[in-house]
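Novice: sequence? don't have it. structure:
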């Protein structure tokens, strides 16, 4: 894309955003909150998929498991979900290690199709195991501080949800620091670019895969805890997030972590925009698919292999 | 020996499957019909897999076929038998249109985009309350053949034979060579002058048509469609587990897998009423990790070893 075109696009988006602010400011506020949730869930996927190229179709199910773990920890020990986040993420890190060691490790050298089918199977195992253990009954955790609201003149909106964009920013910052400044992070980038080359220069490739995969599971687990504070959960709650996360990672371009934030912002605002029309809210769930199709068309029009 | 395996054995199987309702009760017949539905889906999934593409769009096209068939008979009063076929054709046309776009993607991008299809179609149907019945679905005034078990079973069987024949065609015709080349190495295929996009589009359209056909059979024999049941994830999970367990890249694999798992699942439903689907997930994981050639692959390996031993 040329610079002029990019400026026009950016200008168009800004004007559109301004119009929305003038018309219904809540769309932008809730859109940003929603975008934060999407971005924070998609970023761990961007890490695994974009940096070390592991496809994980069980991503949303890991979110769901994190949420269920938090639920049980909180309801048994009376813990606050924001505190329970720490033990849950540790458990999720271990779960990630086990999943990697037992299954994913063995498909890394096989064709990509095996990884896809395997993680699809894993997603089903996770979803149905939770269904067996906890039944399909929806569960909610009621925490009183989530309904705090703020009023500006005529405008009243929930403040707590801003925790999602904040979480997304923290995760993004942390990941960028990790990838650019730490030894393990740099090694991970090397492994992503060329596993054989990385092995030759003395990087323990298997360990890097293990660390990155477990790290992403732990991050998703944290998001599970946060997710539980606002939404009710059931065994199939994760599925759509796998697809939306993937759509966001694809929109941003594989390996582009900050781009995920931008893509989520577009998706979040677009969905909230549709939700604000009475009777058309149901259509908001296909917005992400429309985006996938648009991205495919634009990129194939430009003649790039996606 | 060859006559036995090539002619007599298949003839016995065909004869048994045709005369099945004469000695089986309604319960066994309904199991057989369910198995056939999943068998058609597993076969169609496996055909596309031969090109190296994984489609998770099974449930989406299945549901579209189911809805198309019911809508055609409700809105236009077309006889049920015809609606099943037309429903399959409509699904194929829709798939061709979608394929023009999404087949530009390969491997995981294609797979995940198709995974979204079922969800997308479900949401669309959900939001069309006047045309497609919305969340409540649609109910037919009567099921096909007025519920005559024999005819319904034979219709299903015809669908199964049609699918097996189609899968066999893709195994044996020159298509097979092109598809295998595409799967093994797209660049080689391109150099050899194979129009990859054209082949993929043809296969994608035909397999989606088969899935639509299965949907039509299902909806006409049960007499209703709802967004939740017609686009259910079961129609992705079970066929994939069946094809994998039986053995992928062959025609016999999905057939064997569907029969074995279909019978097992009846027992599973009795012992684990909720969450028996976990078994299918486990089967997928175990097969991918430990027996990538499935039952058929293992059997033919054993036979080969026995043959070598005899020689």
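Specialist: Ah, there it is. Quick caveat, the model's predicted, so the values are computed rather than measured.
Novice: for residue 263, what are its contacts?
Specialist: Chain wasn't specified; assuming chain A. A:42, A:248, A:251, A:252, A:291 (CB atoms under 8 Å, 6 or more residues apart in numbering or on different chains). For glycine as for every other residue, the C-beta is placed from the backbone atoms N, C-alpha and C.
Novice: Correction: the question concerned chain B.
Specialist: Per CB under 8 Å, 6+ apart, neighbours of residue B:263: B:31, B:35.
Novice: Can you tell me the element it falls in?
Specialist: helix B:252-271 (DSSP states H and E).
Novice: The helix or strand following that helix and chain A, are they touching?
Specialist: Proceeding N to C from helix B:252-271, the next assigned helix or strand is helix B:278-290, under DSSP H and E. Yes: using CB under 8 Å from any CB of the partner chain, helix B:278-290 reaches chain A at B:278, B:280, B:281, B:282, B:283, B:284, B:285, B:288, B:289.
Novice: Using JSON lines, lay out those residues together with neighbour count.
Specialist: Listed next are the residues of helix B:278-290 next to chain A as JSON lines, based on neighbours: other CB atoms under 10 Å in any protein chain shown:
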{"residue": "B:278", "neighbour count": "20"}
{"residue": "B:280", "neighbour count": "26"}
{"residue": "B:281", "neighbour count": "23"}
{"residue": "B:282", "neighbour count": "17"}
{"residue": "B:283", "neighbour count": "23"}
{"residue": "B:284", "neighbour count": "25"}
{"residue": "B:285", "neighbour count": "22"}
{"residue": "B:288", "neighbour count": "24"}
{"residue": "B:289", "neighbour count": "17"}
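Novice: With respect to residue A:168, which of those residues is nearest?
Specialist: residue B:281 (30.4 Å; CB to CB).
Novice: Run through the residues that contact residue B:290.
Specialist: Per CB under 8 Å, 6+ apart, neighbours of residue B:290: none.
Novice: mean confidence for the helix holding residue B:263?
Specialist: On average, the pLDDT along helix B:252-271 is 88.
Novice: Ok, stretch A:101-117 next?
Specialist: The predicted model assigns stretch A:101-117 a mean pLDDT of 86.
Novice: Could you list the residues in contact with it?
Specialist: Counting by CB under 8 Å, 6+ apart, A:54-57, A:118-119, A:122, A:206, A:209-210, A:213, B:49, B:52, B:54, B:107-108, B:111, B:240, B:244, B:284-285, B:288-289, B:292 sit against stretch A:101-117.
Novice: Quick one: distance of it to the chain centre.
Specialist: Distance of stretch A:101-117 from the chain centroid (CA atoms, centre = their mean, to the nearest Å) equals 22 Å.
Novice: Just the terminal-to-terminal distance for it.
Specialist: 17 Å (CA to CA, to the nearest Å).
Novice: Report the buried residues of that stretch.
Specialist: For stretch A:101-117, the neighbour count (16 or more other CB atoms under 10 Å in any protein chain shown) marks A:103, A:104, A:105, A:106, A:107, A:108, A:112, A:113, A:114, A:115, A:116, A:117 as buried.
Novice: which SS state does the last one fall under?
Specialist: Looking back up the chat, that one is residue A:117. Under the three-state scheme (DSSP: H, G, I helix; E, B strand; the rest coil), residue A:117 adopts helix.
Novice: so where is chain B shaky, pLDDT-wise?
Specialist: Applying pLDDT under 70 to chain B flags residues B:1-3, B:305-311.
Novice: Could you state which residue of it sits nearest its centroid?
Specialist: Centroid-nearest residue in chain B: residue B:41, 0.8 Å away (criterion: CA atoms, centre = their mean).
Novice: can you pull the buried residues of the helix or strand that residue B:101 is a member of?
Specialist: Counting by DSSP H and E, the element that carries residue B:101 is helix B:80-102. Within helix B:80-102, the residues that count as buried by 16+ other CB under 10 Å are B:80-81, B:83-84, B:86-88, B:90-92, B:94-96, B:98-99, B:102.
Novice: just stretch A:274-292 next, same as before
Specialist: Here stretch A:274-292 shows A:274-276, A:282-289, A:291-292 as buried, counting by 16+ other CB under 10 Å.
Novice: With chain B in mind, check whether it reaches it.
Specialist: Yes: residues of stretch A:274-292 are located near chain B by CB under 8 Å from any CB, namely A:280, A:282, A:283, A:285, A:286, A:288, A:289, A:292.
Novice: residues in contact with that stretch?
Specialist: A:24, A:26-27, A:30, A:240, A:243-244, A:247-248, A:250-251, A:263, A:266-267, A:270-272, B:113, B:116, B:119-120, B:123-124, B:126-127.
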